[in-house]
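Asks: I need the structure of the sequence given here:
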Amino acid sequence: IDKRTQRMIVVVDGEKRATYRVSTGKEGHETPRGTFRVLLMKEMHYSRKYDNAPMPNSLFFTNRGHAIHAT
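Replies: Now for the predicted structure:
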């Protein structure tokens, strides 16, 4: 994720596969920095943290609940 340009680059086996526009977390809920792998995929998830908000196509990438969703 490039927070400055709001873009996500997907790399599979060292090869760039896709680039997507994203909206990263706002102040107090920042998107973490680093290189990550998908830990869990869910077709539909409902956020316990944000009033049961729907999160379709969730790809969780930290054990703290950070996820890419709605793509």
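
Asks: CA atoms for contacts and neighbours, from now on please.
Replies: Will do.

Asks: any idea what sits nearest residue 30, other than its immediate chain neighbours?
Replies: Spatial nearest neighbour of residue 30, excluding adjacent residues (Cα to Cα, 6 or more residues apart in numbering): residue 24 at 7.1 Å.

Asks: repeat for residue 44
Replies: Leaving aside its chain neighbours, residue 44 sits nearest to residue 56 (4.4 Å; criterion: Cα to Cα, 6+ apart).

Asks: Tell me how far that neighbour lies from residue 2.
Replies: 22 Å (Cα to Cα, to the nearest Å).

Asks: Quick check on these two: which one has the bigger neighbour count.
Replies: residue 56 (15 against 12; other Cα atoms under 10 Å).

Asks: secondary structure element for the more buried one?
Replies: strand 54-60 (DSSP states H and E).

Asks: Pairing partners for that strand, with directions?
Replies: Paired strands of strand 54-60, with direction, are strand 40-46 (antiparallel), strand 67-68 (antiparallel) (DSSP bridges).

Asks: which regions of the protein sit below the pLDDT cut-off?
Replies: Applying pLDDT under 70 to the chain picks out residues 71.

Asks: what's residue 10 in contact with, if anything?
Replies: 16-19 (Cα atoms under 8 Å, 6 or more residues apart in numbering).

Asks: now do residue 7
Replies: Applying Cα under 8 Å, 6+ apart to residue 7 gives the contacts 1, 19-22.
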